[in-house]
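Okay, predicted coordinates and the sequence, questions at the end:
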Amino acid sequence: MTEYQTGPRRLPAGFDLDGHLERLDADGFTIVKDYLGEDQLARFREGLKPYLNTYRGRNPFEGFATERVYTLVGRAKIYEEIACDHRLLAILDRLLAPNYLLSADHAICIYPGEKAQALHFDDGFYRGSHKWPSERIQAVREAVARGEITAAAEHRTQLTMPPGALCVFQGTLLHGGGANRTDAPRLAFTNQYCEPWARPQENFFLGVPKERVRNMGREMQILLGYELLPPANIMGQVSGYHPIKTLDPDFVLPILR
């Protein structure tokens, strides 16, 4: 249904899309240094204040001194801006099929004293990190399962960035959160995206109320799953209807008519 297409990406002058893609291919990650401005950073932090200091992780992987706040896009406009920035979407356009989905969207606050997280792949069910042969990947998987690989593993890259920077990396990249040896919390966010046919980690249909989705931009609605999968345009339908129609306050599910 072409009436819901969003048009070309609006990219700032000097944004080196091809360069980011080349670094992703060569290194497994790339950095957009000025992803968030000072105003956005302030709104990002302010929007989290009501939700922080209420939760800690349940196991060493989550981190006993780490806090997560899920489903950010349903909490404030700033998180929609973060998820839909055209610089990020332009990169994703080259990597994923049309109408790809937001898979996970949460903030992570690592408090002082937290230990280093075990190295892992975010897409653990896919081949990992990110150009290795399958034999090496399997050996790493087995070592991780045995607890033999930590953040001090050989060939690691220690990543540091200024406030507001964005690191884009493939879900098959081996990585882990570093220990917090300072006296201040370290706050960040993680937005994860997946192919349009894959099941997202977070169920945004249930997690974000429809009255909030109605007021979101079309790009955000697509990322939450309110679109069909081309070319057949039948995958994702709701009783034969385009999913965007379910946002109409007057829409009644056929099963209830």
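Yep, it's here. Numbering: from 1, shown residues only.

Tell me where the stretch 51-200 of the chain has strands.
66-70, 101-110, 166-169, 186-194 (DSSP state E, counting those that start in this stretch).

among the ones you listed, which is the most enclosed?
Mean neighbours per residue, mean count of other CB atoms under 10 Å, is largest over those for strand 101-110, with a mean of 21. Every C-beta, even on glycine, is put in place using the N, C-alpha and C of the backbone.

Note down every partner strand of it and its orientation.
strand 66-70 (antiparallel), strand 186-194 (antiparallel) (DSSP bridges).

can you tell me which of those comes nearest to His242?
strand 186-194 (20.8 Å; CB to CB).

what about dumping the CA coordinates of the closest one to PDB?
Taking C-alpha atoms only, strand 186-194 is exported to PDB below (Å, rounded to 0.1, in the frame of the first residue of the first chain):
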ATOM      1  CA  ARG A 186      26.700   5.400  33.300                       C
ATOM      2  CA  LEU A 187      23.500   6.000  31.400                       C
ATOM      3  CA  ALA A 188      22.800   4.900  27.800                       C
ATOM      4  CA  PHE A 189      20.100   3.500  25.600                       C
ATOM      5  CA  THR A 190      19.900   0.600  23.300                       C
ATOM      6  CA  ASN A 191      17.600   0.500  20.300                       C
ATOM      7  CA  GLN A 192      17.600  -2.800  18.400                       C
ATOM      8  CA  TYR A 193      16.000  -3.400  15.000                       C
ATOM      9  CA  CYS A 194      15.100  -6.600  13.200                       C
END
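
So which residues make contact with that strand?
Here strand 186-194 makes contact (CB atoms under 8 Å, 6 or more residues apart in numbering) with 44-45, 48, 72, 79, 82-83, 88, 92, 96, 100-110, 122, 171, 180, 200-201, 223.

Next, the buried residues of stretch 211-231.
Buried positions in stretch 211-231, judged by neighbour count with 16 or more other CB atoms under 10 Å: 213, 216, 219-229.

just the helices in this protein please.
Remark: helices assigned in the chain by DSSP state H are 17-27, 38-48, 77-84, 86-95, 134-145, 204-207, 210-213, 218-223.

chain center to the second one: distance?
Relative to the centre of its chain, helix 38-48 is centred 18 Å away, using CA atoms, centre = their mean, to the nearest Å.

Likewise for the first one?
Using CA atoms, centre = their mean, the distance from the centre of helix 17-27 to the centre of the chain it belongs to is 18 Å.

Phe29 is in contact with Ala165, correct?
No. With contacts counted by CB atoms under 8 Å, Ala165 stays clear of Phe29, the gap being 11.8 Å.

circling back: Pro12: which of the strands paired with strand 101-110 is closest?
Closest of the strands paired with strand 101-110 to Pro12 is strand 186-194, at 19.4 Å (criterion: CB to CB).

and the closest one with helix 38-48, angle?
Relative orientation of strand 186-194 and helix 38-48, computed by axes from the mean of the first three to the mean of the last three CA atoms, to 10 degrees: 90 degrees.

could you check the angle helix 86-95 makes with strand 186-194?
Strand 186-194 runs at 40 degrees relative to helix 86-95, counting by the same axes, to 10 degrees.
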